[in-house]
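Peer 1: Need coordinates for the below:
(one chain, ligands or ions: 1)
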Amino acid sequence: MANSIEDVECCTGLAYNMRRQARTLREAVSDKLHKFKEPNFAFSLCDPHPFPHPESDRLEHCYKYGQGNGKFLPVLLEQQLGEYTVKAKLGHGNFATVWQALPTNGVGAHGYDSVAIKVCTNSKKDSRDDVTEARVLMKLAKRSDGRGDLGKNHIVKVDECFRVPGHFGDHFCIVQEAIGPSLDYHFNLVQKQGLGSFDYQVSKKVGFQLLAAAAWLHKAGYGHGDIHPHNILMKEQGFKAGTNAKRFLEPKNTKPQDLKYMPDYLVSCIDDDLTERAPLTLETCDVRLADFGQTFKKNHPRRVYKMTTLKGNRAPEWMIKHAPITMSIDIWSIACMVYRITTGKHLMFVDERYKDDQGKYTQKRTKKDINGDHAPMMVRLLGTPPAWMISKWKRSGLPAMDWDKIKPEGNLHERIMKERPADMTDKEVALFEDFLRKALAWDHRYRATAKELIQHEWFKSIISDEDKVPLEALFSPKDCFVKTLFKTSCGKLKFLTEKVGGHLAKKVELEAQVSTPDEKEEDDDEKELSSDQMALLLKL
Ligand SMILES: Nc1ncnc2c1ncn2[C@@H]1O[C@H](COP(=O)(O)OP(=O)(O)OP(=O)(O)O)[C@@H](O)[C@H]1O
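Peer 2: Numbers count the residues shown, from 1 in each chain. So this is what the prediction gives:
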């Protein structure tokens, strides 16, 4: 006998519950494994390191070298990498070290004096992302939006790629133009100088250029997925990296079995040298969006749960179960960053690691802990989320909130008033708040796009003549013209089909009346019909 509806529902509910329990169990196990895999910090005594700025923690950890997968290639100054000679260290991330190099034969592949070589880890899995990064960047370099390409210049360009053999597999190398220090570097510089944040107009310009880059990238069908100050480089003419201080490794700091795979010394990078650069101005400010390791095709992020972008800059859809991740995650990150560089304060800051008794960072925090801090912060700042998010709140493992007591519009306005730069007028506060609210819409479907945001009134004061032409081209009536033409043609076509359909029906009706006296009339009618149709066709 067939099961009743109740039986089926009951079974489905049971299966759902079992699936959910299995998932929770799987997540718990993976959390445990993840913790277990955490590096042993006892072997990495690089912190605090003896470079010029003790507050800097820019030196890579020793555990990133040695046996196994996901390790860096040991690189030393004056070493040969492909056809280039390494001259200085530019930085490092989780997946690569980056070196400034000169072509050994004296001429760069594309005529630049020096290049930046990103030497990726030997991990096969990461290597796939690095290859994607290089491929996407090379593809983008050939693309044009046919409207002046506003924003394309603010995306880093790749010259060539090659592989270098390492002890445990090849290391993929990406050669790019050497651009300049990161936005984070400049931010630390102004903070060190006691200025708090950038000049107000400069922060606007950085925001504008970033949004222009995002608008161009999104139009090309890609999301960046990892926008934060480390991945934004500020172009500098004749860029030269820092002092290259060397730190020799002491054997006691490394695992004995890893010793022979370590470089003799680690090199300090430009980020450790916060003394020499002139502050950014409206004229010198030239942003380049870099690190496309997390890039994804429109609405198809490749590694939803493994993306490593800064947690405090993450959009709410990261926390809500089954919420789609779209290109609008970039808009959220840009808005958080613009707030930071404008006011000097984090919009939302979440610790990504646990701290020990002495305040030193240790293991990574769990996703649940991080979200447990982040979600209430968002609610306090932006007010009540939409009902569909509230309904998924508990299921997503987010902390219980007393929704009745939440201020519907949040305290964003109060925050801006408290943290605004001295030269931000009340009118500008209103514009800034409006800009942020549009970019930080809870629901990704109602979040403004990059193209919409670059037209925002808040940016009006910094748009240069150089930007005006491509900006106008981007919103030129050609766009409207094409749309209107398409709409009118569709309308006319519909009208014509209806009319012709009507006449044909009439014709069939007339033909059905098989009587001789009426035959002449019918012929006339037919003539009339075809002339009618002809007139309509001519009109079109
Ligand atoms: N073209 C360049 N010119 C100058 N400096 C660069 C360039 N590319 C990268 N850098 C420096 O190297 C650092 C690390 O590079 P990148 O962010 O690409 O590495 P990653 O391992 O992919 O980082 P992440 O962990 O953020 O994914 C950057 O923060 C920047 O300071």
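Peer 1: ok and the residue in the stretch 1-150 of the chain nearest the ligand?
Peer 2: Proximity to the ligand, evaluated over the stretch 1-150 of the chain using Cβ to the nearest ligand atom, is greatest for residue 93 at 1.8 Å. Backbone N, C-alpha and C define where each C-beta goes, glycine included.
Peer 1: pretty sure that residue contacts residue 294?
Peer 2: No: between residue 93 and residue 294 there is no contact, the gap being 11.0 Å when judged by Cβ atoms under 8 Å.
Peer 1: Look at the two and report which has more neighbours.
Peer 2: Shown here are residue 93 and residue 294; by other Cβ atoms under 10 Å, residue 294 has more neighbours (23 against 17).
Peer 1: Please, which helix or strand holds that one?
Peer 2: Secondary structure from DSSP states H and E places residue 294 outside every helix and strand.
Peer 1: Spatially nearest residue to it, not counting backbone neighbours?
Peer 2: Counting by Cβ to Cβ, 6 or more residues apart in numbering, residue 225 is the residue found nearest to residue 294 once chain neighbours are left out, at 3.6 Å.
Peer 1: what does residue 263 give?
Peer 2: Nearest non-adjacent residue to residue 263 (Cβ to Cβ, 6+ apart): residue 74, at 3.5 Å.
Peer 1: For that neighbour, list the residues it contacts.
Peer 2: Contact analysis of residue 74 by Cβ atoms under 8 Å, 6 or more residues apart in numbering lists 65, 261, 262, 263.
Peer 1: Around the nearest residue to the first one once chain neighbours are set aside, how many other residues sit close by?
Peer 2: Excluding its sequence neighbours, the residue lying closest to residue 65 (Cβ to Cβ, 6+ apart) is residue 262, at 4.7 Å. Counted with other Cβ under 10 Å, residues neighbouring residue 262 total 20.
Peer 1: Quick one: mean pLDDT over stretch 265-282.
Peer 2: The predicted model gives stretch 265-282 an average pLDDT of 75.
Peer 1: do stretch 154-163 as well
Peer 2: 92.
Peer 1: on that earlier part again, quick check: phi and psi at the residue nearest to residue 65.
Peer 2: phi -100, psi 150 (degrees, to the nearest 10).
Peer 1: correct me, but it touches residue 64?
Peer 2: No: between residue 262 and residue 64 there is no contact under Cβ under 8 Å: 9.9 Å.
Peer 1: Enumerate every residue touching residue 470.
Peer 2: 147, 148, 149, 150.
Peer 1: Next step: those residues restricted to strands.
Peer 2: Among these, DSSP state E puts none in strands.
Peer 1: Throw the residues you listed into CSV and include pLDDT, distance to residue 338 and neighbour count, thanks.
Peer 2: What follows is the contacts of residue 470, written out as CSV (pLDDT from 0 to 100; distance: Cβ to Cβ, whole Å; neighbours: other Cβ atoms under 10 Å):
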residue, pLDDT, distance to residue 338, neighbour count
147, 78, 24, 17
148, 79, 23, 16
149, 86, 23, 17
150, 87, 18, 24
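Peer 1: Would you format those residues as TSV with distance to residue 450 included?
Peer 2: Listed next are these as TSV, based on distance: Cβ to Cβ, whole Å:
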residue	distance to residue 450
147	14
148	15
149	14
150	11
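Peer 1: Which strands border the one helix or strand residue 354 maps to, and is each parallel or antiparallel?
Peer 2: Using DSSP H and E, residue 354 falls within strand 353-355. Strand 353-355 has the following strand partners under DSSP bridges: strand 361-364 (antiparallel).
Peer 1: What would stretch 318-328 look like as CSV? C-alpha coordinates only.
Peer 2: C-alpha atoms of stretch 318-328 as CSV (Å, rounded to 0.1, in the frame of the first residue of the first chain):
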residue,chain,number,x,y,z
TRP,A,318,29.0,34.1,4.4
MET,A,319,27.3,33.4,7.7
ILE,A,320,23.8,32.5,6.6
LYS,A,321,23.4,28.9,5.6
HIS,A,322,22.7,28.4,1.9
ALA,A,323,22.7,32.1,1.1
PRO,A,324,24.2,32.6,-2.3
ILE,A,325,27.7,34.1,-2.6
THR,A,326,27.7,36.6,-5.5
MET,A,327,30.0,39.3,-6.8
SER,A,328,28.4,41.7,-4.4
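Peer 1: I'd like the mean pLDDT over that stretch, please.
Peer 2: Mean predicted confidence for stretch 318-328 is 87.
Peer 1: rewinding a little: need the overlap of contacts for residue 262 and residue 64.
Peer 2: Counting by Cβ under 8 Å, 6+ apart, nothing touches both residue 262 and residue 64.
Peer 1: Do you have the helices of the stretch 401-540 of the chain handy? List them.
Peer 2: For the stretch 401-540 of the chain, the helices defined by DSSP state H, counting those that start in this stretch cover 412-419, 426-439, 450-453, 465-474, 477-512, 516-539.
Peer 1: now for the third one, which elements pack on it?
Peer 2: In terms of contact count using 3 or more Cβ pairs under 8 Å, 6 or more residues apart in numbering; DSSP states H and E, helix 450-453 is assigned the packing partners helix 200-219, helix 328-343, helix 426-439.
Peer 1: and that helix, how far from the chain's centre?
Peer 2: 15 Å (Cα atoms, centre = their mean, to the nearest Å).
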